[in-house]
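1. Just a sequence and a predicted model for now, questions to come.
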Amino acid sequence: MLQLWQNSRQKRFEHEAMPHAPALYGVALRLTKSRQDAEDLVQETFLKGFKAFDSYEPGTNCKAWLFRILTNAFINRYRRRVKEREVVQQADLPGSLSDDPWEVPIAASSLVDRFFSDEILAALAALPVDYRMVV
């Protein structure tokens with residue numbers, strides 16, 4: 001029964017969403033200015049769309065729904081890259097790390113905060129203190 005439902009869901013998704021692939025790719029290409037990044041972004045959009053297809057209301061504008069997913073995915077990628085760039089720039093600053101290998105740098109916690117996404121930091125904060133200390 002589950003297999004039948006999944007096949008039906010897959011066919012509905014293919015019928016509703018897949019015709020919008022060329023339009024999604026065009027927008028992704030304009031946003032990323034790179035063929036490979038655009039392909040990755042469209043693939044991520046379809047993956048997220050398929051996972052969340054149960055929340056899509058049939059008969060509504062599927063194209064707009066997919067464009068919202070694509071836009072959010074692009075924004076999240078952009079924010080992640082900005083954070084990664086900040087971490088690299090901070091790590092490259094002269095004098096930011098001590099010559100003493102046993103000294104924990106003061107900026108280490110801020111580097112961790114910037115390296116991890118907000119979702120990961122929230123998940124870590126939800127852990128009990130004993131488990132958080134290990135991480």
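-> Good, I have the coordinates. Residues are numbered from 1 along each chain as shown.
2. Give me the contact list for stretch 53-65.
-> Contacts of stretch 53-65 from elsewhere in the structure, counted by Cβ atoms under 8 Å, 6 or more residues apart in numbering, are 9, 12-13, 16-17, 20, 23, 49. All C-beta spots, glycine's among them, are computed from the backbone N, C-alpha and C.
3. Return the member of these nearest to residue 69.
-> Nearest to residue 69 among these is residue 49, at 5.4 Å by Cβ to Cβ.
4. Would you mind measuring from the closest one to residue 72?
-> The gap separating residue 49 from residue 72 is 11 Å, by Cβ to Cβ, to the nearest Å.
5. neighbour count winner among those two?
-> Using other Cβ atoms under 10 Å, the more surrounded residue of residue 49 and residue 72 is residue 49, with 23 against 12.
6. show me the contacts for the more buried one.
-> Residue 49 neighbours (Cβ under 8 Å, 6+ apart): 13, 17, 56, 65-66, 69.
7. again, but for residue 74
-> By Cβ under 8 Å, 6+ apart, the neighbours of residue 74 are 28, 31-32, 41.
8. which one of those has the most neighbours?
-> residue 28 (25 neighbours).
9. I'd guessed residue 69 sits against residue 45; true?
-> Yes - assessed by Cβ atoms under 8 Å, residue 69 is found in contact with residue 45 at 5.0 Å.
10. Between those two, which is the more surrounded one?
-> Legend: neighbour count by other Cβ under 10 Å for residue 69 and residue 45, higher for residue 45 (26 against 20).
11. Setting aside sequence neighbours, what's the nearest residue to the more buried one?
-> residue 70 (4.3 Å; Cβ to Cβ, 6 or more residues apart in numbering).
12. mind checking how far the one you found is from residue 8?
-> From residue 70 to residue 8 the distance is 25 Å (Cβ to Cβ).
13. so what's residue 67 up against?
-> So residue 67 contacts 24, 27 (Cβ under 8 Å, 6+ apart).
14. ok, which stretches of the protein are helices?
-> 2-16, 21-32, 35-51, 62-91, 108-115, 118-126, 129-134 (DSSP state H).
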